[in-house]
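*Asks:* okay, structure incoming, though there's no sequence with it:
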């Protein structure tokens with residue numbers, strides 16, 4: 001499949017134009033125009049590029065691609081980004097990235113996929129997250145995510161029915177808003193040191209999944225969507241990132 005057509009199709013599906021972002025969503029690096037196989041992963045790094053080479057893929061699909069702060073202005077290229085791009089270009093690989101549009105999509109998105117894992121119902125979507133309800137205990141929620149990765153649980157509210165907010169990635173800044181919305185349990189990837197005390201004082205339970213682990217379900221879901229709807233094989237590759 002032509003990579004420019006695939007970029008257009010997925011940008012339309014995810015409504016990428018709606019989301020101002022710190023990355024260019026879509027095709028970031030152009031390799032071969034014809035794409036038959038994609039290796040997907042959470043982040044653009046040398047390990048994923050080598051997986052693509054090993055599997056004779058034509059492109060990479062990631063959630064964390066090349067961000068604006070990875071490329072200084074005035075432009076110069078050095079260090080880790082230079083090494084990754086050299087490896088990518090030497091192997092004529094394309095790089096696709098979808099960030100906030102993927103986080104926010106109501107069917108294929110990262111937060112929607114997390115809500116499905118945790119069995120939430122009565123979903124309400126908010127900017128870069130979602131809110132839902134569950135009668136599961138914190139232990140049951142922890143177990144539900146264990147097939148992806150271990151997660152940390154901090155109990156500050158013993159409510160039997162939980163109103164849950166999910167923000168994949170880094171969500172510390174949402175805690176006070178969660179309190180105003182009556183949230184009893186907050187699920188996110190990573191938090192700042194100060195969030196522990198804030199959650200305790202606000203009586204909000206915390207499930208901390210790890211930034212990498214919290215983003216896995218969304219990029220896997222997008223890969224499945226592409227595989228089902230287009231003549232492209234997509235293989236997800238997980239690494240051992242614990243953060």
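*Replies:* Now that the structure is in, tell me what you want to look at. Quick caveat, the model's predicted, so the values are computed rather than measured.

*Asks:* who's the residue nearest to residue 11 when sequence neighbours are not counted bridged to?
*Replies:* Closest residue to residue 11 in three dimensions, ignoring its sequence neighbours and counting by C-beta to C-beta, 6 or more residues apart in numbering: residue 26, at 5.2 Å. Yep, even glycine has a C-beta here, placed from its N, CA and C like the rest. Beta-bridge pairing for residue 26 (DSSP bridges): residue 97.

*Asks:* wait, residue 26 touches residue 96, no?
*Replies:* Yes. Judged on C-beta atoms under 8 Å, residue 26 makes contact with residue 96 at a distance of 6.8 Å.

*Asks:* between those two, which contacts overlap?
*Replies:* Common contacts of residue 26 and residue 96 (C-beta atoms under 8 Å, 6 or more residues apart in numbering): 7, 10.

*Asks:* more neighbours, the two?
*Replies:* Looking at residue 26 and residue 96 with other C-beta atoms under 10 Å, you find the greater number of neighbours at residue 96, namely 24 against 20.

*Asks:* where do the helices of this structure begin and end?
*Replies:* Remark: helices assigned in the chain by DSSP state H are 3-14, 46-54, 79-90, 100-104, 110-117, 138-145, 175-180, 195-202, 211-229.

*Asks:* which of these sits closest to residue 39?
*Replies:* Closest to residue 39 of those, according to C-beta to C-beta: helix 46-54, at 4.1 Å.

*Asks:* contacts only, for the residue nearest to residue 11.
*Replies:* By C-beta under 8 Å, 6+ apart, the residues touching residue 26 are 7, 10, 11, 16, 96, 97, 98.

*Asks:* as TSV, these with distance to residue 70 and pLDDT would be great.
*Replies:* Shown next, in TSV, are those (distance: C-beta to C-beta, whole Å; pLDDT from 0 to 100):
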residue	distance to residue 70	pLDDT
7	20	98
10	22	98
11	21	98
16	19	97
96	16	98
97	11	98
98	16	98
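
*Asks:* most surrounded residue in the residues you listed?
*Replies:* Neighbour counts for these (other C-beta under 10 Å) peak at residue 98, which has 29 neighbours.

*Asks:* which residues does the closest residue to residue 174 other than its chain neighbours bridge with?
*Replies:* Nearest residue to residue 174, sequence neighbours excluded (C-beta to C-beta, 6+ apart): residue 167, at 5.3 Å. Beta-bridge partners for residue 167, by DSSP bridges, are residue 188.

*Asks:* residues in contact with residue 167?
*Replies:* Contacts of residue 167 (C-beta under 8 Å, 6+ apart): 111, 128, 129, 174, 186, 187, 188.

*Asks:* hmm, 7 Å instead?
*Replies:* 128, 129, 174, 188 (C-beta atoms under 7 Å, 6 or more residues apart in numbering).

*Asks:* do residue 155 as well
*Replies:* Here residue 155 is in contact with 138, 205 (C-beta under 7 Å, 6+ apart).

*Asks:* in JSON lines, list the helices of the chain along with distance to residue 241.
*Replies:* What follows is the helices of the chain, written out as JSON lines (distance: least, C-beta to C-beta, whole Å):
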{"stretch": "helix 3-14", "distance to residue 241": "24"}
{"stretch": "helix 46-54", "distance to residue 241": "9"}
{"stretch": "helix 79-90", "distance to residue 241": "15"}
{"stretch": "helix 100-104", "distance to residue 241": "18"}
{"stretch": "helix 110-117", "distance to residue 241": "16"}
{"stretch": "helix 138-145", "distance to residue 241": "16"}
{"stretch": "helix 175-180", "distance to residue 241": "24"}
{"stretch": "helix 195-202", "distance to residue 241": "21"}
{"stretch": "helix 211-229", "distance to residue 241": "4"}
